[in-house]
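Visitor: The sequence and its predicted three-dimensional model are supplied below.
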Amino acid sequence: MTVVGRAERLPAPWAALVNGTAAHALDFNAYDSASASNSSAVILSALLALAEERGKSGAEVLDAFMAEFCRPFLPT
(Lines give C-alpha, C1' and ligand atoms only; values in the text may rest on other atoms or scores of the structure.)
Protein backbone atom coordinates (compact mmCIF):
# COMPACT_ATOMS: atom_id res chain seq x y z
CA MET A 1 0.00 0.00 0.00
CA THR A 2 1.04 3.60 -0.50
CA VAL A 3 3.14 5.39 2.07
CA VAL A 4 2.62 9.10 1.49
CA GLY A 5 5.74 10.76 0.11
CA ARG A 6 7.64 7.50 -0.43
CA ALA A 7 8.17 5.23 -3.43
CA GLU A 8 8.20 1.98 -1.46
CA ARG A 9 4.99 0.21 -0.61
CA LEU A 10 4.02 -1.64 2.56
CA PRO A 11 1.26 -4.05 3.61
CA ALA A 12 -1.95 -2.18 4.54
CA PRO A 13 -1.52 -2.33 8.36
CA TRP A 14 2.03 -0.96 8.14
CA ALA A 15 1.09 1.73 5.62
CA ALA A 16 -1.73 2.84 7.95
CA LEU A 17 0.70 2.96 10.88
CA VAL A 18 3.36 4.94 9.00
CA ASN A 19 0.87 7.37 7.46
CA GLY A 20 -0.99 7.82 10.76
CA THR A 21 2.26 8.45 12.63
CA ALA A 22 3.33 11.02 10.04
CA ALA A 23 -0.06 12.73 10.20
CA HIS A 24 0.21 12.98 13.99
CA ALA A 25 3.81 14.19 13.84
CA LEU A 26 2.85 16.89 11.34
CA ASP A 27 -0.29 17.68 13.38
CA PHE A 28 -2.81 17.07 10.58
CA ASN A 29 -5.67 16.52 13.01
CA ALA A 30 -9.01 18.17 13.42
CA TYR A 31 -9.87 18.53 17.09
CA ASP A 32 -13.45 17.61 17.90
CA SER A 33 -14.67 19.24 21.09
CA ALA A 34 -17.86 17.12 21.21
CA SER A 35 -15.91 13.89 21.57
CA ALA A 36 -12.78 15.51 23.06
CA SER A 37 -10.62 13.77 20.50
CA ASN A 38 -8.53 14.37 17.43
CA SER A 39 -8.91 11.11 15.61
CA SER A 40 -9.17 12.27 12.00
CA ALA A 41 -5.55 11.41 11.11
CA VAL A 42 -5.84 7.91 12.53
CA ILE A 43 -9.20 7.19 10.91
CA LEU A 44 -8.17 8.54 7.51
CA SER A 45 -4.83 6.71 7.36
CA ALA A 46 -6.49 3.40 8.22
CA LEU A 47 -9.30 4.01 5.71
CA LEU A 48 -6.90 4.94 2.91
CA ALA A 49 -4.83 1.77 3.41
CA LEU A 50 -7.91 -0.44 3.59
CA ALA A 51 -9.54 1.25 0.59
CA GLU A 52 -6.42 0.84 -1.52
CA GLU A 53 -6.13 -2.80 -0.50
CA ARG A 54 -9.77 -3.46 -1.42
CA GLY A 55 -9.91 -1.28 -4.54
CA LYS A 56 -12.47 1.18 -3.19
CA SER A 57 -13.21 4.54 -4.78
CA GLY A 58 -12.50 7.97 -3.36
CA ALA A 59 -16.25 8.50 -2.86
CA GLU A 60 -16.46 5.31 -0.79
CA VAL A 61 -13.51 6.45 1.33
CA LEU A 62 -15.16 9.82 1.95
CA ASP A 63 -18.47 8.14 2.85
CA ALA A 64 -16.74 5.88 5.35
CA PHE A 65 -14.70 8.75 6.80
CA MET A 66 -17.73 10.97 7.25
CA ALA A 67 -19.76 8.13 8.75
CA GLU A 68 -17.09 7.56 11.41
CA PHE A 69 -15.96 11.12 11.98
CA CYS A 70 -19.48 12.57 12.24
CA ARG A 71 -20.87 9.77 14.41
CA PRO A 72 -20.53 11.71 17.70
CA PHE A 73 -22.77 14.43 16.27
CA LEU A 74 -25.61 12.17 15.17
CA PRO A 75 -28.69 11.78 17.35
CA THR A 76 -28.85 8.51 19.25
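Guide: In hand now; what should we look at? Residues are numbered from 1 along each chain as shown.

Visitor: show me the contacts for residue 59.
Guide: Not one residue lies near residue 59 by C-beta atoms under 8 Å, 6 or more residues apart in numbering. For every residue, glycine as well, the C-beta is placed using N, CA and C.

Visitor: And the host helix or strand of it, how far out from the chain middle?
Guide: If you go by DSSP states H and E, residue 59 is part of helix 58-69. Here helix 58-69 is found 9 Å from its chain centre; the criterion is C-alpha atoms, centre = their mean, to the nearest Å.

Visitor: in that helix, what's buried?
Guide: By neighbour count with 16 or more other C-beta atoms under 10 Å, helix 58-69 contains the buried residues 61, 64, 65, 69.

Visitor: Export those residues to CSV and append columns for pLDDT and distance to residue 44.
Guide: Shown next, in CSV, are the buried residues of helix 58-69 (pLDDT from 0 to 100; distance: C-beta to C-beta, whole Å):
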residue, pLDDT, distance to residue 44
61, 91, 8
64, 89, 10
65, 87, 6
69, 74, 8
